[in-house]
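Chemist: Sequence and computational prediction follow.
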There are 4 protein chains.
Amino acid sequence: MTGESRQDTRAESARDAVPAGGSPLRVAVLGAAGRMGSTVCEAVESAPDMSVIARLDVGDDIAALAGVADVAVDFTVPSATEANVHALIDAGVHPVVGTTGWDEPALDRVREHLERDGRGLGALIAPNFALSAVLAMQFAAQAARYFESVEIIELHHPNKVDAPSGTAVHTAQAVARAREGMPVAPDATQTCLDGARGARVQGIPVHAVRLQGLVAHEEILFGNPGEQLTIRTDSFERSSFMPGVLLAARTVGSRPGLAVGLDAYLELGR
Amino acid sequence: MTGESRQDTRAESARDAVPAGGSPLRVAVLGAAGRMGSTVCEAVESAPDMSVIARLDVGDDIAALAGVADVAVDFTVPSATEANVHALIDAGVHPVVGTTGWDEPALDRVREHLERDGRGLGALIAPNFALSAVLAMQFAAQAARYFESVEIIELHHPNKVDAPSGTAVHTAQAVARAREGMPVAPDATQTCLDGARGARVQGIPVHAVRLQGLVAHEEILFGNPGEQLTIRTDSFERSSFMPGVLLAARTVGSRPGLAVGLDAYLELGR
Amino acid sequence: MTGESRQDTRAESARDAVPAGGSPLRVAVLGAAGRMGSTVCEAVESAPDMSVIARLDVGDDIAALAGVADVAVDFTVPSATEANVHALIDAGVHPVVGTTGWDEPALDRVREHLERDGRGLGALIAPNFALSAVLAMQFAAQAARYFESVEIIELHHPNKVDAPSGTAVHTAQAVARAREGMPVAPDATQTCLDGARGARVQGIPVHAVRLQGLVAHEEILFGNPGEQLTIRTDSFERSSFMPGVLLAARTVGSRPGLAVGLDAYLELGR
Amino acid sequence: MTGESRQDTRAESARDAVPAGGSPLRVAVLGAAGRMGSTVCEAVESAPDMSVIARLDVGDDIAALAGVADVAVDFTVPSATEANVHALIDAGVHPVVGTTGWDEPALDRVREHLERDGRGLGALIAPNFALSAVLAMQFAAQAARYFESVEIIELHHPNKVDAPSGTAVHTAQAVARAREGMPVAPDATQTCLDGARGARVQGIPVHAVRLQGLVAHEEILFGNPGEQLTIRTDSFERSSFMPGVLLAARTVGSRPGLAVGLDAYLELGR
């Protein structure tokens, strides 16, 4: 475990002008040497109200975080993340998890562990920390029932191996769920070149563009007679995840139980 | 009063395949000969679950709607609309009002009247029935606190006399309200041509484009490090208001009291 | 023939303030009672430098235009347009044709007739008079060789029966022609839902969106490392063809021989 | 001078599969240690048909490039670039210059030197090597005379100190030049918040958006009755200049005399 002394952290927090009265949030980063993990470390260090108390990688001892860290951010690998989360719960540390690979039974095991633990710990497991993407999906689901037509266009760099993107598929599923019982969108197409009308994800047309120079982008288009609503999200680089990670780290301690998806922590609606 | 007999309406509703068991909603249209009013008449007539029971214009007797109409849609003039609404309440008809010119005291008088009346009548007074515009404003307010930067671009036909548009001003105000207490958006501008950075509405930059061929369009842009969220709404023609008017007509009867703004009837958030 | 007297036309032109010294261009409209024809009549009448000298429909005598009309705009039907054009050439009237259905042999017959005629008449046959669409296609062809990636998204109202649109197919063909000999755009897609990557038109991916409320829209997206170029064209209504028709009517008289496509009359490039 | 031996270069070129028969273009980079210069070095090295023959910085001897380099790319500083260019001409090396700070007299001195030299050397001095930005400006100038309305929106990161951007100002100037003699765009605005309608650059409205997360973006909007044309360019990172730099390096040797602006080397128009 590549821990840093409590001393250092306090020095940092003084420098960083923590809000009066508050002590800085002590954050451990799991997978700290990885691409996402190291970006998390930078982001936490540059936030005035928290600091990195420990950087862990394979083989480091999570139990040692007990009483030292408040929150642990896990960007490790699918094969390790579930064990990490259970060890964090045992150590009394709130987990914020961006690692993929979770299925329903695994989520249930975390829910049960949190309940059994009884200390009111919170945990967040989220597939996407980009606020714009999470909000776009929320808004799309909210708007879905108020329009006759809806289609999704996702645009990515040409090195992406799957089409459409996972985010676009999730958006289409959320939109389709919200439209249950509604008539299908009008479409008089009779002659169609193969593929022109996109893929269908639960009935929603999804188009995937691959263009040199792009990163990750999604447009959700809604249409009614005489009007259109477009929601677009652009992720230009990895750092786009960081505001969401920091928001999660600040929030997880006050939300007992397991939350799945960052939108659980956003105050949406009215 | 250019009323139509109850008989006619029933014949129409049979034709229009009203959902099993339901009798069609009986809608009176005030200002039926006007541009908006006549478009409302068409939209109501083409909806399967409602029909126009009466078309009223200046001088027609609103009291005669008692027991005849369920809902009345008012697209008249600012000088007439308040009296119309009070007469509709007396007649036991739910008002849906798109006429402008309401101020807080006038709204209060409607609230008091509805309460005094005691029959649980609903009323909706809304400045904008375009679902895409109403949703865009809602989403903008929800997203506002999660981004460092926000700016608004509205685009209209060149015959518009005011800049920025009322909708853009309302959006900016809603966004500013949601951002209270947040730091101002970063902006290092030192050298600036007059007007380049737009107008400021409660601190939010608003840019107004006037272009031949356009109708009414608005973009709200949010930015964080590495990511952008864009919400865009396009109104191509007057008919864009109709889905919102029909939704209001269907909903007003089940929502006692005064609602201001169509968003009051939209099921947003979670 | 529903001709109007020369007298009337002069009166109109005086009213409309023709540029000093010029007499107004005398325009005949073939198919004047049709949707496009009647819109052409309105557009010509509202232009200060030309007027409608004759409105012709089925059965009217084109020969009578000799010496009366300078230019004739043909928006009739595929079965009539070729005979109309040859009759116009015989009458010494410059044809501007928006009717579809022309193939290469038919175009060759017009070329030969114009040459045989020997009076230096001009003729324009164009599939599309929307300036924005014509320019977009030109620019796309010009840009095509300078980018690694290119894809096309066309968006239309849901009553359209074919996908992708003819305009998008033409654009893709023009882009493909300009890219001959270039490497194909990078695309690492391995897993793909059917249709997600669009249709292929000569190797160019083309995506077709069908959305209630839209009219006719096209986006051409180009990508290089670190940069993107987007060309978008929106046609909101039939009147979008009129600036192109007027430009053609003004130009055809000074361009001997047959021109195919409005871009032949645009001064592009440097 | 940090030259590399001819030997090495040949070895590289063999690896890189130079087109049959061609020897690789020998490129010297001036300002090679700078941000742009080092990116140029990478780009040249990864191109199959050219290689970096020398990396020069302050104090290195340009005369030594004679007979060694074919082309020199200068991304240095305004105070050095003019002397560099004259030294390159004396050395018989074609200069490609991205450094800013050139005025008309300085350009004239280069023109005279090239003519006096008499060896048919080419030189390119360009303020912008981003192909998408250069093409967007060209297309905007071409389209400008065919539309009633035109406005420009530029969007940049919030650290930019000037508004509007130099690129937007140049675009507006080019558009204004092309519209000389045309009526001004229609605009009925009577009531206007200060700044809402943007800045005016030679009569063209220009709006500047500053948004966290953005890099450098520009939209040029054209409008006619019923139609809109939009040209948008996005520069996401410094590498966006490289395709333009490589194109210039490949072309400069076959274009005697001074060219100003990358568009001089693009084959546009028909």
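Modeler: It's in.
Chemist: Which parts of chain A belong to which domain?
Modeler: A:2-125, A:131-236 (automatic domain parsing).
Chemist: could I get those domains as CSV with distance to chain B?
Modeler: Any C-beta I mention is one placed from the backbone N, CA and C, and that applies to glycine too. Shown next, in CSV, are the domains of chain A (distance: least, CB to the nearest CB, whole Å):
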stretch, distance to chain B
domain A:2-125, 9
domain A:131-236, 3
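Chemist: export these to CSV and tack on mean neighbour count, distance to chain C and mean pLDDT?
Modeler: CSV is the format used below for these (neighbours: other CB atoms under 10 Å in any protein chain shown; distance: least, CB to the nearest CB, whole Å; pLDDT from 0 to 100):
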stretch, mean neighbour count, distance to chain C, mean pLDDT
domain A:2-125, 18, 16, 86
domain A:131-236, 21, 4, 96
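Chemist: that's a strand at residue A:245, yeah?
Modeler: No: the assignment for residue A:245 by DSSP: H, G, I helix; E, B strand; the rest coil gives helix, which leaves it out of any strand.
Chemist: related to what we said a few turns ago, nearest to chain D, of the domains of chain A?
Modeler: Closest to chain D of those, according to CB to the nearest CB: domain A:131-236, at 6.3 Å.
Chemist: how about the helices in chain A?
Modeler: Listed in chain order, the helices of chain A (DSSP state H) span A:6-15, A:35-46, A:78-90, A:104-117, A:131-143, A:166-178, A:242-251.
Chemist: could these go into CSV alongside distance to residue B:50?
Modeler: Listed next are those as CSV, based on distance: least, CB to CB, whole Å:
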stretch, distance to residue B:50
helix A:6-15, 63
helix A:35-46, 54
helix A:78-90, 53
helix A:104-117, 43
helix A:131-143, 23
helix A:166-178, 24
helix A:242-251, 44
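Chemist: so which of these comes closest to residue B:244?
Modeler: helix A:131-143 (12.8 Å; CB to CB).
Chemist: quick one: residue A:76 and residue A:30 touch, right?
Modeler: Yes: assessed by CB atoms under 8 Å, residue A:76 is found in contact with residue A:30 at 5.4 Å.
Chemist: which neighbours do those two share?
Modeler: A:37, A:84 (CB atoms under 8 Å, 6 or more residues apart in numbering or on different chains).
Chemist: so the closest residue to residue A:125 other than its chain neighbours bridges to which residues?
Modeler: Nearest residue to residue A:125, sequence neighbours excluded (CB to CB, 6 or more residues apart in numbering or on different chains): residue A:97, at 4.4 Å. Beta-bridge pairing for residue A:97 (DSSP bridges): residue A:74, residue A:125.
Chemist: And for residue A:52?
Modeler: Beta-bridge partners, per DSSP bridges, of residue A:52: residue A:27.
Chemist: likewise residue A:207?
Modeler: Applying DSSP bridges, one finds that residue A:207 bridges with residue A:153.
Chemist: Might you report the residue contacts of it?
Modeler: A:151, A:152, A:153, A:154, A:164, A:198, A:199, C:153, C:196, C:198, C:207, C:209.
Chemist: Residue A:75 now?
Modeler: A:29, A:30, A:31, A:34, A:36, A:37, A:40, A:98, A:99.
Chemist: My read is that the fourth one contacts residue A:76, right?
Modeler: The reference is to residue A:34. Yes: using CB under 8 Å, residue A:34 is in contact with residue A:76, at 7.3 Å.
Chemist: In contact with the residue lying closest to residue A:91 once chain neighbours are set aside, which residues?
Modeler: Closest residue in space to residue A:91, ignoring its immediate chain neighbours: residue A:66 at 4.1 Å, by CB to CB, 6+ apart. Counting by CB under 8 Å, 6+ apart, residue A:66 touches A:91, A:92, A:93.
Chemist: Pretty sure residue A:123 is one of the things the second one touches, is it not?
Modeler: Looking back up the chat, that one is residue A:92. No: contact criterion CB under 8 Å: residue A:92 and residue A:123 do not qualify, at 12.0 Å.
Chemist: hang on, the earlier thing: residues touching the residue nearest to residue A:125, list them.
Modeler: Here residue A:97 is in contact with A:73, A:74, A:81, A:84, A:85, A:123, A:124, A:125, A:126 (criterion: CB under 8 Å, 6+ apart).
Chemist: who in the stretch 151-270 of chain A is up against chain D?
Modeler: Contacts of the stretch 151-270 of chain A with chain D, taken as CB under 8 Å from any CB of the partner chain, map to A:213, A:215, A:234, A:236, A:240.
Chemist: Of the residues you listed, which belong to strands?
Modeler: Applying DSSP state E to these, the entries found in strands are residue A:234.
Chemist: Who are the contact partners of residue A:126?
Modeler: Applying CB under 8 Å, 6+ apart, the residues near residue A:126 are A:96, A:97, A:98, A:134, A:244, A:248, A:259, A:260, A:261, A:262.
Chemist: ok, for residue A:216, nearest residue in space, not its chain neighbours?
Modeler: residue A:235 (4.2 Å).
Chemist: With residue A:194 instead?
Modeler: residue C:199 is the one closest to residue A:194 (CB to CB, 6+ apart), at 5.9 Å.
Chemist: can I have stretch A:90-106 written out in PDB, keeping just the CAs?
Modeler: Taking C-alpha atoms only, stretch A:90-106 is exported to PDB below (Å, rounded to 0.1, in the frame of the first residue of the first chain):
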ATOM      1  CA  ASP A  90     -15.600  -4.200   5.900                       C
ATOM      2  CA  ALA A  91     -13.100  -1.400   6.400                       C
ATOM      3  CA  GLY A  92     -15.900   1.100   6.800                       C
ATOM      4  CA  VAL A  93     -14.900   3.100   3.700                       C
ATOM      5  CA  HIS A  94     -17.600   4.300   1.200                       C
ATOM      6  CA  PRO A  95     -16.900   2.900  -2.300                       C
ATOM      7  CA  VAL A  96     -17.300   4.900  -5.500                       C
ATOM      8  CA  VAL A  97     -16.900   2.500  -8.400                       C
ATOM      9  CA  GLY A  98     -16.300   3.200 -12.100                       C
ATOM     10  CA  THR A  99     -15.100  -0.300 -13.000                       C
ATOM     11  CA  THR A 100     -17.400  -2.200 -15.400                       C
ATOM     12  CA  GLY A 101     -18.400  -5.800 -15.300                       C
ATOM     13  CA  TRP A 102     -21.100  -5.700 -12.600                       C
ATOM     14  CA  ASP A 103     -24.300  -7.900 -13.000                       C
ATOM     15  CA  GLU A 104     -27.500  -8.000 -10.900                       C
ATOM     16  CA  PRO A 105     -26.400 -10.800  -8.600                       C
ATOM     17  CA  ALA A 106     -23.100  -9.000  -7.900                       C
END
